[in-house]
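*Asks:* Build me a model:
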Amino acid sequence: MPTSNIDESISGARVVLLLILSVSMVSSASILITVSTSPSLVKVFWRTLYGSLFMAAIGVVRGDLAALKGPQIRGTWPWLVGIGVILSLHFSTWFQSLEMTSISASVVLVDSSPIFVAILSTLFLGESLRRRSWIGILVAVTGAIFLAWVDYDGLDLGALTGDLLALAGAVFLAIYFIGGRRYARGVPITVYTSIVYLAAAITTLGLCILSGYNVLVFEPSEVLIFIALAVFPTVLGHSVNNYLLTKVPAYVVSSAVLGEPVGATILAMVFLNRIPSPAVLIGFTIILLGVAAVLTDVASSDRSQSLSLDDTDRSQSDCLGCDSD
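*Replies:* Now for the predicted structure:
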């Protein structure tokens, strides 16, 4: 990872520590979601609402909310609201998938989002991929198809539907990351996440009303789960990732999600006694190999570009004293 691509205000050691923190915290989400008895949309609503309130409170303490009156927010708030809507759709599809398929399958599929980041970047940002990346995409898609086939059980399409919902969640997560890359910079992270999470909560509330769900859940155990979802995977997970998007290359942040399936599976084994089948582990491995191929290719491409720019700068510097006869 070339240091020239890291914001000078943050050290490499701090980046690593924050990535470890965010991956560890996000890995807890699938366990908390599974132990809650509330409908998926209700869990999403309270997670994002509490997350918005917590980040707003931190913003008040830090004095960040004055940025709400600045020109940066006035020009970007509609986009932040849109990103919040996408986040709601990501959470809603993924939470529902966890109720319909295995934790391992759901987490691996939703964490294939870097593949979709690569595709969307090519289509909408003009960032072309090299052959190695496309091979990685094909490998990951093959793994996803294999995993879906493993979960298909005769006429029971529940697990297969859960897999498809997890894939939809991956697409929405990719859009969410691309939005963060574009609009989180220049805005205090507490302000950015407060707006995005609040927009997600309002969107999810509308979905709850349309679905006939009662969001007024006050059972102590459920409230504690909602708060835990807001504090650990949201404030200490998503918010940290959004902060890192303003400091380091996007591939550094997106590659961190590769650690989530491992963490989630370990937590499921320890706390829920859920042991993934050998077939699921095979699909798990195939997808991770494909995603890793894409991310390492992006990283090597970025390093090559950085070295090329450094060589160009040195050449120009060497010629500063040359005569122009």
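*Asks:* Could you check which helix or strand contains residue 190?
*Replies:* Counting by DSSP states H and E, the element that carries residue 190 is helix 189-211.
*Asks:* Can I get that helix as PDB, trimmed to CA atoms?
*Replies:* Taking C-alpha atoms only, helix 189-211 is exported to PDB below (Å, rounded to 0.1, in the frame of the first residue of the first chain):
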ATOM      1  CA  ILE A 189     -17.900  12.000   9.500                       C
ATOM      2  CA  THR A 190     -20.400  12.500  12.400                       C
ATOM      3  CA  VAL A 191     -22.500  14.800  10.200                       C
ATOM      4  CA  TYR A 192     -22.300  12.500   7.100                       C
ATOM      5  CA  THR A 193     -23.300   9.400   9.000                       C
ATOM      6  CA  SER A 194     -26.000  11.100  11.000                       C
ATOM      7  CA  ILE A 195     -27.700  12.200   7.800                       C
ATOM      8  CA  VAL A 196     -27.200   8.900   6.000                       C
ATOM      9  CA  TYR A 197     -28.400   6.800   9.000                       C
ATOM     10  CA  LEU A 198     -31.400   9.000   9.600                       C
ATOM     11  CA  ALA A 199     -32.400   8.800   5.900                       C
ATOM     12  CA  ALA A 200     -32.100   5.100   6.200                       C
ATOM     13  CA  ALA A 201     -34.200   5.000   9.300                       C
ATOM     14  CA  ILE A 202     -37.000   7.100   7.700                       C
ATOM     15  CA  THR A 203     -36.900   4.900   4.600                       C
ATOM     16  CA  THR A 204     -37.200   1.800   6.700                       C
ATOM     17  CA  LEU A 205     -40.000   3.200   8.700                       C
ATOM     18  CA  GLY A 206     -42.000   3.700   5.500                       C
ATOM     19  CA  LEU A 207     -41.200   0.100   4.600                       C
ATOM     20  CA  CYS A 208     -42.400  -1.100   8.000                       C
ATOM     21  CA  ILE A 209     -45.700   0.800   7.600                       C
ATOM     22  CA  LEU A 210     -46.300  -0.600   4.200                       C
ATOM     23  CA  SER A 211     -45.500  -4.100   5.500                       C
END
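*Asks:* Can you name the next helix or strand after it?
*Replies:* Next helix or strand after helix 189-211 toward the C-terminus (DSSP H and E): helix 220-229.
*Asks:* what about that next one, average pLDDT?
*Replies:* What helix 220-229 shows for mean pLDDT is 97.
*Asks:* for stretch 66-86, same thing?
*Replies:* Mean predicted lDDT for stretch 66-86 stands at 89.
*Asks:* buried ones in that stretch?
*Replies:* For stretch 66-86, the neighbour count (16 or more other C-beta atoms under 10 Å) marks 67, 68, 72, 73, 76, 77, 80, 81, 83, 84, 85, 86 as buried. C-beta: built from backbone N, CA, C; applies to glycine.
*Asks:* In contact with the nearest residue to residue 253 once chain neighbours are set aside, which residues?
*Replies:* Nearest non-adjacent residue to residue 253, counting by C-beta to C-beta, 6 or more residues apart in numbering: residue 244, 4.9 Å away. For residue 244, the contact set (C-beta atoms under 8 Å, 6 or more residues apart in numbering) comprises 15, 18, 19, 22, 252, 253.
*Asks:* Good, we can wrap up now.
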